[in-house]
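**Q** Generate a structure from the sequence data that follows.
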Amino acid sequence: MDKNSTPSDSGALRHLWQSPWTGWVGLRYLKSKKNSKFLSFITLLSMLGVGLGVTSMIVVLSVMDGFEAELKKRLTTTELHILITPSPQVPGFDAGFVSKDTLDPSKILPRVEAKEQVESFWPIVATEAILKTGKQVSGVVVKGITDERLKILKTQVVETADPKMMVQHQGAEALYLPGLFIGQELAFQMGLIPGDQLSLISPTEMEGPMQSVPRIKRFVVEGVYRSGVPEQELHTVFAQAGAIRSFLRKQDVISQWEITVADFDRASKTAASLRTLLPGFKVQDWNQLNGHLFASLRLERIAMFVILAFIIVVASFNIVTTLTLMVLEKKREIAILKAMGARHGQVAAVFLSEGILIGGMGIIGGVVLGFGICSILRRYEFIQLPEIYYDRVLPVTFDWRYYAGVAFCAVIIVLFACLYPSSRAAKLNPLDGIRFGS
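**A** Coordinates of the predicted model:
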């Protein structure tokens with residue numbers, strides 16, 4: 001058996017590490033492409049292809065991560081980090097409502113792990129209803145909140161009604177109408193401004209003198225709030241808890257509790273602790289409440305990563321072509337190396353180093369270019385988004401894990417692309433190289 005074919009000599013990567021001269025020879029081969037402008041051209045195309053693929057992946061992933069970061073930033077500003085809702089197993093449960101004394105925060109919070117994270121514990125009276133003004137109709141979730149919670153909401157109000165608008169005159173009598181706080185998106189969609197009157201209609205009917213009739217109550221738009229979360233602004237309206245209880249014909253009831261924590265990212269830990277303390281309640285943190293949205297963002301990020309990875313795969317085909325042509329061009333040199341005692345793995349390492357140099361220069365260039373493009377997008381903000389987005393400029397983040405992950409994946413793809421031409425060079429018969437080499 002030929003000593004060059006012993007199993008111990010296999011593994012081009014191992015020989016590339018153990019025999020540094022193979023990398024030096026590969027660099028010399030890469031610099032000296034005699035009589036082959038085409039080979040130099042496809043080598044350049046290989047570098048550009050890998051570089052553009054890496055750049056595209058970094059920029060796209062950074063922008064998508066920026067959208068997720070901006071969404072989390074806006075969710076942080078809301079007062080809903082953890083939501084507790086009763087289930088039918090809770091004593092006194094009636095169509096989603098329980099007595100306001102069912103949960104006592106002073107007894108629960110001291111038993112919560114990481115209780116120092118809890119900043120607020122708000123009881124809420126919530127129900128689904130139909131908002132109607134003129135011919136405009138919209139389905140909303142109405143939340144009746146405490147006066148303390150209402151003070152916090154008013155810090156987000158961008159437009160308020162004159163107190164005189166809250167009074168409706170019926171002849172000599174003055175009737176005070178309860179106020180409703182609607183989101184900016186809903187106000188724009190329905191054409192509402194502070195002071196406008198509207199009707200709140202409950203889909204749950206009540207018994208009338210002749211037949212069942214829906215509950216209807218008149219409200220006045222007391223203010224328009226802006227939370228930065230379009231979904232909330234479009235579908236959630238607020239009012240005093242007493243007004244909603246009057247609308248529902250229910251007294252001293254609660255439908256849910258909203259909790260705010262100091263550390264937004266640790267809300268899941270606090271929620272897990274609450275689940276053990278409240279077995280009859282459904283406890284959801286912000287990630288679960290918006291699970292469909294974050295799952296969609298993660299799925300899109302993975303899909304874009306896979307799709308853009310094919311750019312690097314296609315570029316690696318050029319590397320395969322480059323190294324294959326290089327092997328054909330360097331038949332005589334390969335034969336001389338083998339005649340001088342070079343092993344199969346060492347010959348393969350020479351061409352593997354060429355492929356790594358071609359792909360490596362493309363990867364480094366792509367990372368640098370991707371970082372430059374992300375820096376420009378973040379600094380100058382010259383790309384404006386449509387009004388439907390919660391952020392009007394393109395959000396970009398800098399996460400070293402994306403840069404390292406993309407570069408690592410690109411290296412793996414390039415290494416696989418170099419295997420075939422490297423193994424072909426290692427299997428070249430020295431006699432054929434001397435006889436047919438140019």
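
**Q** so residue 84 makes contact with residue 259?
**A** Yes - the criterion here is C-beta atoms under 8 Å, and residue 84 meets it with residue 259 at 7.0 Å. Just so you know, the C-beta spots here come from the backbone N, C-alpha and C atoms, and that holds for glycine as well.

**Q** Which one's more surrounded, the two?
**A** Set side by side, residue 84 and residue 259 give different neighbour counts by other C-beta atoms under 10 Å, the larger being at residue 259 (25 against 22).

**Q** you'd agree the more buried one is in a strand?
**A** Yes - assessed by DSSP: H, G, I helix; E, B strand; the rest coil, residue 259 belongs to a strand.

**Q** which sections of the stretch 301-438 of the chain are below the confidence cut-off?
**A** Applying pLDDT under 70 to the stretch 301-438 of the chain picks out residues 329-348, 384-392, 425-438.

**Q** Over to the stretch 1-150 of the chain?
**A** Using pLDDT under 70, the flagged stretches of the stretch 1-150 of the chain are 1-36, 38, 77, 79, 113-116.

**Q** Going along the chain, name the helices of it.
**A** Along the stretch 1-150 of the chain, the segments classed as helices by DSSP state H, counting those that start in this stretch run 12-18, 21-31, 37-77, 105-108, 147-154.

**Q** OK, contacts around the residue nearest to the spatial centre of the chain?
**A** By C-alpha atoms, centre = their mean, the chain has its centre lying nearest to residue 68, at 3.7 Å. For residue 68, the contacting residues are 294, 297, by C-beta atoms under 8 Å, 6 or more residues apart in numbering.

**Q** Distance-wise, check it relative to residue 294.
**A** Residue 68 sits 7 Å away from residue 294, going by C-beta to C-beta, to the nearest Å.

**Q** cool, and residue 42?
**A** For residue 42 relative to residue 294 (C-beta to C-beta), the value is 43 Å.

**Q** same deal with residue 117?
**A** Noted for residue 117: a distance of 21 Å to residue 294, by C-beta to C-beta.

**Q** So between the two, which is more surrounded?
**A** Shown here are residue 117 and residue 294; by other C-beta under 10 Å, residue 117 has more neighbours (20 against 16).

**Q** Which one of the helices of the stretch 1-150 of the chain lies nearest to residue 263?
**A** Shortest distance between residue 263 and those, using C-beta to C-beta, is found for helix 37-77: 9.9 Å.

**Q** Tell me how many other residues crowd the residue nearest to residue 191 when sequence neighbours are not counted.
**A** In space, and not counting its chain neighbours, residue 191 is closest to residue 136: 6.7 Å by C-beta to C-beta, 6 or more residues apart in numbering. Residue 136 has 12 neighbours, counted by other C-beta under 10 Å.

**Q** What's opposite residue 136 in the beta bridge?
**A** Under DSSP bridges, the beta-bridge partners of residue 136 are residue 133.
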